[in-house]
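Asker: Build me a structure from this.
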Amino acid sequence: MVPYFEQPVLWIGARPLPAFSLLLILAVTLGIAIVLERAERLQIDRGLMFRMSFWAIASGLAGAHVAKMAMDYTAEFLANPLTVFHPGGIRSLGGFIGGLLGASAYCRLRSVFFFETFRMLDVMSFALPFAWMIGRLGCFLAHDHRGHFTASWIAVRFPEGTRYDLGLIEFLFLMGMSGGFFWLDRRPRAVGFYFGLFGMIYGAFRVWLDTLHFQPFRFYGGLFGCLVGLAGWIAMRRMSHRNVAAS
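Answerer: Numbers count the residues shown, from 1 in each chain. Next comes the predicted model:
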């Protein structure tokens, strides 16, 4: 079992910088670096790619906060209709939806063709597991995703008892997923390959992971990821067939 420890804090003068905040900054930085490097390699305009990424991140953060407020309000209202709602925190489902909508809306406003939009979304999808892995490491260090009590070998000895730390489990999963993407990238892939693959694999994983959470309704986020990934995979196959027919 994994021993419990308090979240590390880096002190910058008199200001504390929790490990979660530091790793979140590193995750965003790494994700943008991978996206820009890949865009240059695939001959995609780096400026356009950066601006699309910026709007995806900004709208993703907004969506994550909105989803947190909405989901917590629903849960608290169902438990006690007279409860007073106190917003705070984020939800990854809202982050994914917000990021996808923000990136798509930006490309729509800039009159970017669907194929090019899909190509840039595929670039971002390739970078996601690498950046998300760093972010989930921060979640593990902050211990802010506690699951059911268990005697499993991967459990954490929390002060209130031994239970799953979902941040740790997801961090380990994303390590493997990042390694798999790195291996798959040894040869060219069709446009939309990583978009579809990330959505289906990560979505299916979240469906399973949320069974370890004490709030079972969370699995809708995983189902959403699977459906988006499946839609991306279908779009990839249709465009591939059109390219073959045109040639």
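Asker: Any chance you could list what contacts the strand or helix carrying Gly179?
Answerer: Using DSSP states H and E, Gly179 falls within helix 166-184. With contact meaning CB atoms under 8 Å, 6 or more residues apart in numbering, helix 166-184 is reached by 2, 126, 129-130, 132-133, 136-147, 154, 156, 193-194, 197-198, 201-202, 205, 209, 212-213. All C-beta atoms are positioned from the backbone trio N, CA, C, and that covers glycine.
Asker: Show me what secondary structure element comes after it.
Answerer: Counting by DSSP H and E, the next helix or strand C-terminal to helix 166-184 is helix 193-209.
Asker: Remind me what that next one packs against, helices and strands.
Answerer: In terms of contacts (3 or more CB pairs under 8 Å, 6 or more residues apart in numbering; DSSP states H and E), helix 193-209 is packed against helix 114-142, helix 166-184, helix 220-246.
Asker: hmm, 10 Å instead?
Answerer: In terms of contacts (3 or more CB pairs under 10 Å, 6 or more residues apart in numbering; DSSP states H and E), helix 193-209 is packed against helix 92-109, helix 114-142, helix 166-184, helix 220-246.
Asker: The residue most central in space within the chain and His213: what is the separation?
Answerer: A centroid search over the chain (CA atoms, centre = their mean) returns Trp132, at 5.4 Å, as the residue closest to the centre. Between Trp132 and His213 the computed distance is 18 Å (CB to CB, to the nearest Å).
Asker: Val9 too?
Answerer: Distance, Val9 to His213, by CB to CB: 27 Å.
Asker: Kindly report the same for Met200.
Answerer: Separation of Met200 from His213 (CB to CB): 21 Å.
Asker: More neighbours: these two, which one.
Answerer: Shown here are Met200 and His213; by other CB atoms under 10 Å, Met200 has more neighbours (19 against 16).
Asker: contacting residues for Gly47?
Answerer: 36, 39 (CB atoms under 10 Å, 6 or more residues apart in numbering).
Asker: That one: what secondary structure?
Answerer: Following DSSP: H, G, I helix; E, B strand; the rest coil, Gly47 is assigned to helix.
Asker: so how far is Ile57 from the residue nearest to Gly95 when sequence neighbours are not counted?
Answerer: In this structure, Gly95 finds its nearest non-sequential neighbour in Ala64, 3.7 Å apart by CB to CB, 6 or more residues apart in numbering. Distance, Ala64 to Ile57, using CB to CB: 10 Å.
Asker: overlap in contacts of these two?
Answerer: The contact sets of Ala64 and Ile57 overlap at 95, 98-99 (CB under 10 Å, 6+ apart).
Asker: how about the residues you listed in JSON lines, adding neighbour count?
Answerer: Putting those into JSON lines (neighbours: other CB atoms under 10 Å) gives the following:
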{"residue": "Gly95", "neighbour count": "25"}
{"residue": "Gly98", "neighbour count": "23"}
{"residue": "Gly99", "neighbour count": "24"}
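Asker: TSV for the residues you listed, including pLDDT and distance to Met177?
Answerer: Below are these laid out as TSV (pLDDT from 0 to 100; distance: CB to CB, whole Å):
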residue	pLDDT	distance to Met177
Gly95	74	17
Gly98	82	22
Gly99	86	18
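Asker: Show me which of those residues is closest to Asp45.
Answerer: Relative to Asp45, the closest of those is Gly99; by CB to CB it sits at 19.7 Å.
Asker: gap between that closest one and Phe54?
Answerer: For Gly99, the distance to Phe54 equals 11 Å [CB to CB].
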